[in-house]
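Participant: any chance you could fold what I've pasted below:
(2 chains, ligands or ions: 2)
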Amino acid sequence: MTQFLTYLLLGIPIGCVYALMATGIVVTYKTSGVLNLAFGAQAYVSGCAFYVLRSPDRLGLPMPVAFVLAVLVLGPALGVLLDRALYRYLRTAPPVAKLVTSLGLLVAIPQILQLKLGSTPLTNPPGVASDSTIAVAGVNVSTNQVATMVITALAVAGLTLMFRHTSLGLQMRAVVESPRLTSLTGVDAARIGTIAWMLSSAFAGLAGVLLAPLFSQLSDIDYFTVLVAALAAAAFGRLTSVGLTLLGGVALGAAQKLLDGYAPSGSVFWTGMRGSLPFLSLILLLLFWPGLRQNRAAADPLAGVDPPPPPPAAATRDRRLTVATYAIAAVVIVGGSYVTYAVVDDFWLQLVTHGVILALVFLSITLITGIGGQLSLCQATFCAVGCFATAQLTDRTGMPVLVAACVAAAFTAVVGALVAIPALRLGGVYLALATLAFALMFENVIMPLEAVSGGSRAVRVPRPRFLGISFGDDRRFFLLSLAFLGLASLVVVLVREGTTGRFLHALRTSETAAASLGIDPARAKVTVFALSAAIAGFGGGLLATFNGAAGRTFYQAELNYFYGLVWLVLVITLGSQSAQAAINAGLSFFLFPRFLGLIPFLDQSTAQGVAFVLFGLGAITYAKFPEGIIESQTRRITGRLFPSSRATAEVAP
Amino acid sequence: MNDAPTAASPSPAATTPRPLLVAEGITKRFAGICALDRVGIDVADGELVGLIGPNGAGKSTLFACLTGLLPPDDGAVRFADRDITDTPLHRRAGLGFARTFQRMELFAGMSVRDHLIVAVRAHNGTGSLVRDLLFRGRPTAAEHDAVDAVVALVPSLRTVIDQPIEALGLGLGRLVELARALITEPRMLFLDEPTSGLDQAETAELAAVLQSVQRDHGTTIVLVEHDLTTVQAICTRLFVLDHGVRIAAGPTADVLADPRVREAYLGAGA
Ligand SMILES: Nc1ncnc2c1ncn2[C@@H]1O[C@H](COP(=O)(O)OP(=O)(O)OP(=O)(O)O)[C@@H](O)[C@H]1O
Ligand SMILES: [Mg+2]
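Facilitator: Ligands and ions are numbered 1, 2, ... in the order given. Down below sits the predicted model:
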């Protein structure tokens, strides 16, 4: 019994941190409609700032000063910056555009910080209280944990009082009910929005500082895990109730510690399960918690009064631009392939081959996001499923590796459909969260299993032999991957131009009208999800045979969930709707950091960081340029150069 | 309900020989507002009826409940003697339903022709992923013929058929929605304020199209309309809603003369 109490008490502080961040999520979601995934990154910023300000071997400032600067100054300042620079322009943007923006920040912010602080994690983060323990109900608890509980209680109580009893709180609640109605009564909704961002960002900062001493080092990965736990807590509060959110966060923290204490040790499965409780809770809540799916628009009594949002920016494209890009692309592809094949050394050849395979995987993002209009955060996971399935099939059955890759692709399609069928009921933002939770579940629970990744020893995968030709040679393999990339591009183009693409286009732009015409939304979306998963899975198979082995190390270095996010923001930045943009993205992923590294004063790891920052920041332009910033700038410039282009405008292919 | 079939001309007050669409006791609430309170409506096969009422009366909500966009909180909808209350939206197209929307629902980034091709393909159910991958996803000659046939009905679309939808004004946009509905050869057509935003010539074209569709194809039409001149010209019967309640129903002339209807309109206008 005392043991139970111990676990429970140890779980509450971490649960409090979940609850704080979740409260921030709820406040901004309610006032601005942004489900801010970047809160994890914002908490990380405050955590690092507190470390630098407080740590004796850095600035060593007194605790109150460091706390005020990190939580009460930096937190709100970041909130104001994000609101003023980004989110206020997104107020009427579709939810998915808002999510993409926060996703870009989630990728970029930690990278910016690590450029500054170095990528080795900061160890032994200081807490808000001194490191001593006191006995609570017979259990030894550290003063930091007590401080966490007290501060959380104060913060949440303060917020509740503010909502209930101040005029600011009243105005905020009014904005939540109906932003339009509130503006009509003369309340400055933009100002309320900014205040909400300051407030919620302060909560994120607070969570970041309190979280630090609960781990032995500061790492953005831990902050991300906490973010997912906070999302689960926020989902438990149905993204509206602060009270339920607090309860959800604390319950989750306690459950985690109880599982830690009672689950059998030594089992790979249970070790994974322990870390995965937040992800599992998020999935289950998304699927089964009633009330989450309530449509925000339907709740606003003035929803129907507004004019419909303006159509997305110039969807037209000059025919000559299309022809010109095809011509240039042909020259670049043929020339580039020839140079790669015949001229460059092995190192660059491998880099380009890798990029080509990645481009094939990125085509799956073109399908699901550009054509299907769905945001999937688990494409890297589908790629990993294909990779391990190919490895296991060749290893166990001796199947030829290309056949195995095809079977793996089919298997991944089934996995994709199984993920999509329940998740698609949710749609939009929730689908994205569900895929994220799936990616994290796979990483923590399924991937480590010996039957999947071969345990501590990677599974060897041979290079293909095909029509008597062996592709063990890297140059031949390069040609083979080019051929597959061509094939996959053809599939994407055929789908886009065919019934599937037309129906999805209709569903993307008006699901109501499309369904009224008899198009089954669920069927169309599951189809594209499965096809996209199949392509990613096949790409995973190619990666396995290219690498020669598939195991945990390979997964961590190439396919972990974070890459899934970076890939998505990169493809979105370059243009999610054309096959060509996916190919550019695939090549850029490896080549761009290398080219940056050629700049004299940038070393390679800095260049890698800078590249990730740019990829992330690129995605925040999505709301403004849904067709991809590069694509839209090209159109703008050609529009200037050839002003007559309007006359020959045609619908973008 | 069991009148002997009389002459073809719409005799006033004659209960319809065979109701195609019947809704009874439709109730719909939105967070506190009762948008529809036990509303009933019946439409005979081949009829063109109007649904009128002041702003916020619940006309669009009733459409949503009839077409499957929103589930009614209470009440039942029957179509051709089948209970379709729970039939999902996308299945109703297969029964012959088609509609236009008050807030236009067009497919951004598509040309007018592509709108029509999507509609006719969804109607025929001939497309599939496998066909796409076998290079058979492009529009067929039969589909282009169907587009031409519908453009013959709505001639204003001829000159803009290959333009992107963004290049069109409100009036043409409404006609695209109409054409997109007509190309599926519906048995039951719902139009929500199709003339709002149309100029006089376009309104006349629309009224002519509706009458010819009703006459030549036997399409049953329910029309929500504020323009009483159009209503008077083409509708045989009217239903009037006010504050979610059906306040009048019957032949057009009788309903328009009803003092309660006048009051509802004048009250809303004052
Ligand atoms: N999704 C919704 N959420 C909340 N209230 C709604 C919703 N849709 C409609 N309403 C309310 O229901 C009532 C009926 O609206 P409806 O759109 O059906 O009226 P209408 O007769 O079509 O009006 P109009 O002539 O302006 O189109 C209105 O008070 C409206 O505000
Ligand atoms: Mg209406």
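
Participant: for A:Asp188, give me the pLDDT.
Facilitator: On the pLDDT scale, A:Asp188 is placed at 81.

Participant: where's B:Gly50 relative to B:Val43, distance?
Facilitator: Separation of B:Gly50 from B:Val43 (C-beta to C-beta, to the nearest Å) stands at 11 Å. To be clear about C-beta, it is placed using only N, CA and C from the backbone, and glycine gets the same treatment.

Participant: what is in contact with those two at once?
Facilitator: B:Val222 (C-beta atoms under 8 Å, 6 or more residues apart in numbering or on different chains).

Participant: and the strands in the stretch 101-250 of chain A, which stretches?
Facilitator: All strands of the stretch 101-250 of chain A, identified by DSSP state E, counting those that start in this stretch, fall at A:122-123, A:133-136, A:139-142, A:217-218.

Participant: and of those strands, who's closest to ligand 1?
Facilitator: Evaluated with C-beta to the nearest ligand atom, the strands of the stretch 101-250 of chain A place strand A:217-218 nearest to ligand 1, the distance being 45.9 Å.

Participant: what packs against that closest one?
Facilitator: helix A:39-54, strand A:122-123 (3 or more C-beta pairs under 8 Å, 6 or more residues apart in numbering or on different chains; DSSP states H and E).

Participant: now, of the ones you listed, which is deepest in the fold?
Facilitator: Mean neighbour count (mean count of other C-beta atoms under 10 Å in any protein chain shown) peaks for helix A:39-54 among the helices and strands packed on strand A:217-218, with a mean of 27.

Participant: just checking, next helix/strand downstream of that one?
Facilitator: Remark: after helix A:39-54, the chain's next helix or strand is helix A:63-67, criterion DSSP states H and E.

Participant: give me the contacts around that following helix.
Facilitator: Residues contacting helix A:63-67 (C-beta under 8 Å, 6+ apart): A:Phe50, A:Leu53, A:Arg54, A:Leu59, A:Val128, A:Val209.

Participant: give me the lowest-pLDDT entry from those residues.
Facilitator: A:Val128 (80).

Participant: what residues are up against that residue?
Facilitator: Here A:Val128 is in contact with A:Met63, A:Phe67, A:Asn144, A:Ala147, A:Thr148, A:Ile151, A:Val209, A:Leu210, A:Pro213 (C-beta under 8 Å, 6+ apart).

Participant: could you find the closest non-adjacent residue to the fifth one?
Facilitator: In this case it means A:Thr148. Nearest residue to A:Thr148 in three dimensions, chain neighbours excluded: A:Pro13, at 4.2 Å (C-beta to C-beta, 6 or more residues apart in numbering or on different chains).

Participant: which strand or helix spans that neighbour?
Facilitator: Using DSSP H and E, A:Pro13 sits in helix A:2-32.

Participant: same for that helix, what does it pack against?
Facilitator: Under the contact criterion of 3+ C-beta pairs under 8 Å, 6+ apart, helix A:2-32 touches helix A:39-54, strand A:139-142, helix A:143-165, helix A:167-177, helix A:189-211, helix A:220-236, helix A:242-262.

Participant: for the third one, C-alpha coordinates in PDB please.
Facilitator: Taking Å, rounded to 0.1, in the frame of the first residue of the first chain, the C-alpha atoms of helix A:143-165 are listed here in PDB:
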ATOM      1  CA  THR A 143      11.400  19.700  -2.700                       C
ATOM      2  CA  ASN A 144      11.400  20.300  -6.500                       C
ATOM      3  CA  GLN A 145       8.500  17.900  -6.800                       C
ATOM      4  CA  VAL A 146       6.600  19.600  -4.000                       C
ATOM      5  CA  ALA A 147       7.300  23.000  -5.600                       C
ATOM      6  CA  THR A 148       6.000  21.700  -8.900                       C
ATOM      7  CA  MET A 149       2.700  20.600  -7.300                       C
ATOM      8  CA  VAL A 150       2.300  23.900  -5.400                       C
ATOM      9  CA  ILE A 151       3.100  26.100  -8.400                       C
ATOM     10  CA  THR A 152       0.800  24.100 -10.700                       C
ATOM     11  CA  ALA A 153      -2.100  24.400  -8.200                       C
ATOM     12  CA  LEU A 154      -1.500  28.200  -7.900                       C
ATOM     13  CA  ALA A 155      -1.200  28.700 -11.700                       C
ATOM     14  CA  VAL A 156      -4.300  26.700 -12.500                       C
ATOM     15  CA  ALA A 157      -6.300  28.300  -9.700                       C
ATOM     16  CA  GLY A 158      -5.200  31.800 -10.800                       C
ATOM     17  CA  LEU A 159      -6.200  31.000 -14.400                       C
ATOM     18  CA  THR A 160      -9.600  29.800 -13.300                       C
ATOM     19  CA  LEU A 161     -10.200  32.800 -11.100                       C
ATOM     20  CA  MET A 162      -9.200  35.100 -14.000                       C
ATOM     21  CA  PHE A 163     -11.600  33.400 -16.400                       C
ATOM     22  CA  ARG A 164     -14.400  33.600 -13.900                       C
ATOM     23  CA  HIS A 165     -14.000  37.000 -12.200                       C
END
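
Participant: for the stretch 51-200 of chain B, what lies in contact range of ligand 2?
Facilitator: B:Ser60, B:Gln102 (C-beta under 5 Å from the ion).

Participant: the helices in the stretch 51-200 of chain B, which residues?
Facilitator: Secondary structure of the stretch 51-200 of chain B (DSSP state H, counting those that start in this stretch): helices at B:59-67, B:89-95, B:112-124, B:129-133, B:141-153, B:170-182, B:200-217.

Participant: dump the ones you listed into TSV; add mean pLDDT and distance to A:Ala439 as well.
Facilitator: Output for these, formatted as TSV (pLDDT from 0 to 100; distance: least, C-beta to C-beta, whole Å):
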stretch	mean pLDDT	distance to A:Ala439
helix B:59-67	94	37
helix B:89-95	93	30
helix B:112-124	95	33
helix B:129-133	90	25
helix B:141-153	94	40
helix B:170-182	93	39
helix B:200-217	89	51
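
Participant: can you say which two of the contacts of helix A:63-67 are spatially most distant?
Facilitator: By the measure C-beta to C-beta, A:Leu59 and A:Val128 form the most distant pair in these, at 16.0 Å.

Participant: residue in the stretch 401-550 of chain A nearest to ligand 1?
Facilitator: A:Thr512 (12.1 Å).

Participant: report pLDDT for that residue.
Facilitator: 92.

Participant: isn't it up against B:Thr67?
Facilitator: No - counting by C-beta atoms under 8 Å, A:Thr512 stays clear of B:Thr67, with 9.8 Å between them.

Participant: ok, which of the helices and strands packed on helix A:2-32 comes nearest A:Pro121?
Facilitator: Across the helices and strands packed on helix A:2-32, closest to A:Pro121 is helix A:220-236 (C-beta to C-beta), at 8.8 Å.

Participant: so that closest one versus helix A:189-211, what angle?
Facilitator: Going by axes from the mean of the first three to the mean of the last three C-alpha atoms, to 10 degrees, helix A:220-236 is angled at 120 degrees with respect to helix A:189-211.

Participant: mind listing what's buried in helix A:220-236?
Facilitator: Neighbour-count burial for helix A:220-236, counted by 16 or more other C-beta atoms under 10 Å in any protein chain shown, picks out A:220, A:222-236.

Participant: equivalent analysis for stretch A:25-40, please.
Facilitator: Across stretch A:25-40, burial judged by 16+ other C-beta under 10 Å covers A:25-40.

Participant: repeat for stretch A:61-71
Facilitator: Neighbour count says stretch A:61-71 has A:Leu61, A:Ala66, A:Phe67, A:Leu69, A:Ala70, A:Val71 buried, by 16+ other C-beta under 10 Å.
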